[in-house]
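> Sequence isn't available, so here's the structure alone:
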């Protein structure tokens with residue numbers, strides 16, 4: 001079933017990209033495995049998915065080590081709110097951290113990455129939604145980007161953002177366009193915008209990474 005959902009989603013994505021005049025390889029799909037069992041991640045991997053993201057440290061700590069022990073060629077992302085007191089553990093677990101939204105968090109992640117003797121790719125999280133609690137305001141993003149680039153064990157590679165919770169597609173598109181404009185100022189190669197309910201608007205705005213959960217895995221287990 002998951003393989004069928006992934007194939008169907010990939011087909012829809014290819015059609016949307018073609019309509020935008022963009023090549024298929026310009027967007028990567030990250031499977032949001034929040035609340036999903038390891039078996040679901042293994043099934044997604046067998047279907048061809050290689051990027052996975054977790055929102056919570058506890059789940060990342062439970063899933064990432066056994067997946068690595070199996071020798072799977074995965075790229076594991078932390079995509080949830082980055083708490084400073086948990087940053088060191090996250091720096092040791094994840095291949096990427098997508099949610100650096102303030103200088104304090106960047107400094108804590110830097111210390112953790114240094115301790116783990118790693119250079120960690122990160123994204124600056126933007127706040128483009130009045131309903132979103134976390135994220136750096138777009139006007140403040142260049143200054144935060146400069147601070148992150150001053151951390152020797154972090155490599156800033158772009159931005160991540162969450163769309164407004166609304167049925168207004170124009171509002172979603174405008175928010176993603178703001179993220180894309182800020183991405184152009186910040187620099188990097190990764191614009192992580194778009195989830196199961198708004199990925200089409202994200203692709204039209206220039207997304208290079210879609211964070212897809214329910215459209216691939218189905219409803220989360222309670």
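Cool, got the structure. In this text, all values refer to a predicted model and were calculated from it rather than measured experimentally.

> Pass me the low-pLDDT residue ranges in this protein, would you?
Residue ranges of the chain with pLDDT under 70: 222.

> Tell me which stretches of it form strands.
28-32, 51-54, 75-78, 96-100, 120-126, 154-161, 190-192, 209-212 (DSSP state E).

> Need the residues that contact the longest one.
Okay, so that is strand 154-161. Residues outside strand 154-161 that contact it (C-beta atoms under 8 Å, 6 or more residues apart in numbering): 79, 98-100, 106, 109-110, 113, 119-129, 135, 141, 145, 148-149, 175-176, 179, 182-183, 186-193, 208. C-beta: built from backbone N, CA, C; applies to glycine.

> Neighbour count says what about the residues you listed? Which are buried?
79, 98-100, 106, 109-110, 113, 120-129, 135, 141, 145, 148, 175-176, 179, 182-183, 186, 188, 190-193, 208 (16 or more other C-beta atoms under 10 Å).

> Tabulate the strands of the chain in CSV, adding columns for distance to residue 9.
Shown next, in CSV, are the strands of the chain (distance: least, C-beta to C-beta, whole Å):
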stretch, distance to residue 9
strand 28-32, 7
strand 51-54, 14
strand 75-78, 18
strand 96-100, 20
strand 120-126, 22
strand 154-161, 20
strand 190-192, 17
strand 209-212, 7
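
> Out of the ones you listed, which gets nearest to residue 41?
strand 51-54 (5.9 Å; C-beta to C-beta).

> Each with direction, which strands does the closest one pair with?
strand 28-32 (parallel), strand 75-78 (parallel) (DSSP bridges).

> What sits closest to residue 114 if chain neighbours are left out?
residue 153 (4.7 Å; C-beta to C-beta, 6 or more residues apart in numbering).

> Thought residue 103 was touching residue 147, still the case?
Yes. Assessed by C-beta atoms under 8 Å, residue 147 is found in contact with residue 103 at 4.9 Å.

> returning to what we had before: let me have the strands paired with strand 51-54 in a markdown table, extended by distance to residue 66 and mean neighbour count.
Putting these into a markdown table (distance: least, C-beta to C-beta, whole Å; neighbours: other C-beta atoms under 10 Å) gives the following:
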| stretch | distance to residue 66 | mean neighbour count |
| --- | --- | --- |
| strand 28-32 | 16 | 22 |
| strand 75-78 | 11 | 22 |
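
> Ok, which of those comes nearest residue 56?
Comparing the strands paired with strand 51-54 against residue 56 with C-beta to C-beta, the closest turns out to be strand 75-78 (9.0 Å).

> just so I have it, where are all the helices in the chain?
2-20, 38-46, 57-69, 87-93, 103-115, 141-149, 169-186, 199-205, 214-217 (DSSP state H).

> With distance to residue 29 added, can I get those in JSON lines?
Compiled in JSON lines, the helices of the chain are given as follows (distance: least, C-beta to C-beta, whole Å):
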{"stretch": "helix 2-20", "distance to residue 29": "7"}
{"stretch": "helix 38-46", "distance to residue 29": "10"}
{"stretch": "helix 57-69", "distance to residue 29": "17"}
{"stretch": "helix 87-93", "distance to residue 29": "21"}
{"stretch": "helix 103-115", "distance to residue 29": "25"}
{"stretch": "helix 141-149", "distance to residue 29": "25"}
{"stretch": "helix 169-186", "distance to residue 29": "17"}
{"stretch": "helix 199-205", "distance to residue 29": "9"}
{"stretch": "helix 214-217", "distance to residue 29": "8"}
